[in-house]
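1. Attaching a predicted model along with its sequence, questions to come.
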Amino acid sequence: MILYKNDQRLHDPRFEFDNGQIIPYQERPERIERALAHLSCLDDVFPVQVQESLPAAALESVHAKGLLRHIELTSQEVGRQEDDQPELAPLYRYPYLFPIRPEMNSHLSLSPQSQGCFAFDTYAPIGRNTWRAVVASASLAWRGAGCVLDGDRLVYALCRPPGHHAGYDYYGGYCYLNNAAIATHRLKSRGLVAILDLDYHHGNGTQQIFWQDDQVLTVSLHAHPAFEYPFFSGFSQETGGEQAPGLNLNLPLSAGCDDATYLQALDLALERIHRFAPASLILSAGYDTSARDLSTSFLLSNAVYEEIGRRIARLQIPILVVHEGGYAIEENGILSANLIRGLSIREYE
Ligand code: OKP
Ligand code: ZN
């Protein structure tokens, strides 16, 4: 089953600042449109348009109320500003001041430039429909977890904007609400949960949210933060907080990582997950590990995504896939379909 929601398309910033350059915004609505098109062509897979929004309590189970209010109110303010000045092009507010000292925060947080109090970078601007889109995205993850609780063995939440960089009280890196974390919280009612994050970038937000949680194992394969975004987290020494020692596993990989190296690291990740014996798995699936994704350095082939799926399927536990990154538009479709083909294999065993 593939879950999607049309409101997600409404978030559509024009540009991003990339190391001093202005470039087209990479996290585009077409990403999930292509994924939906390719996934819908698979046998035994059917798309479901989700109508309902998740309850506020589900958001508050993962995020600080102040962060939620900030995103919602900023969206509203931008909407009002556009209504007052209709000649303005679609408007997105970008943070450009960051309170690196506490005394700055107390003033900045009350100003119209408060985004920098919550955003850790400039990659997640807020427009009039951003709140609607991020709630839609999170609603898919939440509903996906509900489907798993009801007995589904494989569910794909076609989330956009992505979520794994969003933490308890911060956002950034195209992410606003942590979709995978919201789903995880719901799945905890059925027992231990493991999160496997295969996006090219380290999921710093997911790691932070479950840092002290001994019911959740977080495992991530990603480009080494010594050379790649987000630079400040994802190192192998980060193994979990005092309340959850050993329950975070980071497997940073070098630039140019190929299929064989990747599969080796994946096997380590899967061994660790197997040992934890979770009742369900959340797969944060990013396709920016592809050789065809020109914004990144890994060299994975198209075919390896099916093999990745096959190896994960051997865990024989229910899986909720949550869509994360992937910036080669068509590859979001081709590779998510390959992954699902692999993940479905157990049904024939
Ligand atoms: C979001 B997700 C550095 C570019 C960094 C932001 C990356 C956000 C990735 N030249 N761009 O994890 O795919
Ligand atoms: Zn990524």
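-> Cool, the structure landed. Ligands and ions are numbered 1, 2, ... in the order given.
2. what's the closest residue to ligand 2 within the stretch 51-200 of the chain sitting at in phi/psi?
-> Using CB to the ion, the single residue of the stretch 51-200 of the chain nearest to ligand 2 is residue 199, 4.1 Å away. Glycine gets a C-beta too; all of them are placed from N, C-alpha and C. Phi and psi for residue 199, reported as degrees, to the nearest 10, are phi -60, psi 150.
3. just checking, it touches residue 293?
-> No. Applying CB atoms under 8 Å as the test, residue 199 and residue 293 come out as separate, 10.9 Å apart.
4. which one of these two has more residues nearby?
-> Neighbours per residue (other CB atoms under 10 Å) separate residue 199 from residue 293, with residue 199 holding more: 27 against 22.
5. which other helices and strands contact the lengthiest strand in the chain?
-> Assignment by DSSP state E gives strand 216-223 as the longest strand of the chain. When contacts are defined as 3 or more CB pairs under 8 Å, 6 or more residues apart in numbering; DSSP states H and E, strand 216-223 packs onto strand 193-197, helix 204-209, strand 248-253, helix 259-276.
6. re earlier: which residues are in contact with the residue of the stretch 51-200 of the chain closest to ligand 2?
-> When contacts are counted by CB atoms under 8 Å, 6 or more residues apart in numbering, residue 199 touches 162, 164, 222, 284, 285, 286, 288, 289, 324, 325.
7. Mind pulling up the pLDDT for residue 346?
-> For residue 346, the pLDDT comes out at 59.
8. Spell out which parts of the stretch 101-250 of the chain neighbour ligand 1.
-> Where the stretch 101-250 of the chain comes near ligand 1, counting by CB under 6 Å from any ligand atom, the residues are 123, 162, 165, 173, 174, 199, 201, 229.
9. and the gap between the second one and residue 253?
-> This points to residue 162. 20 Å (CB to CB, to the nearest Å).
10. and residue 75, what helix or strand is that in?
-> If you go by DSSP states H and E, residue 75 is part of helix 65-84.
11. Give me every residue in this structure lying close to ligand 2.
-> For the chain, the residues found near ligand 2 under the criterion CB under 5 Å from the ion are 199, 200, 201, 286, 288, 325.
12. Does the fifth one touch residue 326 like I think?
-> In other words, residue 288. Yes. Counting by CB under 8 Å, residue 288 touches residue 326, with 5.0 Å between them.
13. of these two, who's got more company?
-> residue 326 (30 against 27).
14. Quick check: buried residues in stretch 55-62?
-> Within stretch 55-62, the residues that qualify as buried are 58, 59, 61, 62, counting by 16 or more other CB atoms under 10 Å.
15. quick one: which of those sit in helices?
-> 58, 59 (DSSP state H).
16. pLDDT and distance to residue 109 added to the buried residues of stretch 55-62, as CSV?
-> Below are those laid out as CSV (pLDDT from 0 to 100; distance: CB to CB, whole Å):
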residue, pLDDT, distance to residue 109
58, 98, 25
59, 98, 20
61, 97, 24
62, 98, 21
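17. Excluding chain neighbours, what is closest to the residue of the stretch 201-349 of the chain found nearest ligand 1?
-> When scored by CB to the nearest ligand atom, the stretch 201-349 of the chain has residue 325 as its residue closest to ligand 1, at 2.2 Å. Of all residues not flanking residue 325 in the chain, residue 286 sits nearest, at 3.8 Å (CB to CB, 6 or more residues apart in numbering).
18. So for the one you found, what pLDDT did the model give?
-> For residue 286, the model assigns a pLDDT of 98.
19. who's in contact with it?
-> Here residue 286 is in contact with 162, 164, 197, 198, 199, 200, 201, 324, 325, 326 (CB under 8 Å, 6+ apart).
20. go on, residue 337?
-> 38, 39, 41, 42.
21. hmm, 10 Å instead?
-> Contact analysis of residue 337 by CB atoms under 10 Å, 6 or more residues apart in numbering lists 35, 37, 38, 39, 40, 41, 42, 45, 302, 305, 306.
22. Buried subset of those residues, written for PyMOL?
-> Burial among the contacts of residue 337 is assessed by 16+ other CB under 10 Å; the matching PyMOL selection reads:
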select buried, resi 35+38+39+42+45+305+306
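23. Filter the contacts of residue 337 down to just the ones in helices.
-> Using DSSP H, the contacts of residue 337 in helices are 35, 37, 38, 39, 40, 305, 306.
24. Closest to residue 146 out of the residues you listed?
-> residue 39 (19.6 Å; CB to CB).
25. List the residues that contact the residue lying closest to the closest one once chain neighbours are set aside.
-> Closest residue to residue 39 apart from its sequence neighbours, by CB to CB, 6+ apart: residue 2 at 5.0 Å. With contact set as CB under 10 Å, 6+ apart, residue 2 has these partners: 35-36, 39-40, 42, 45-49, 140, 144, 155-158, 321, 323, 336, 340.
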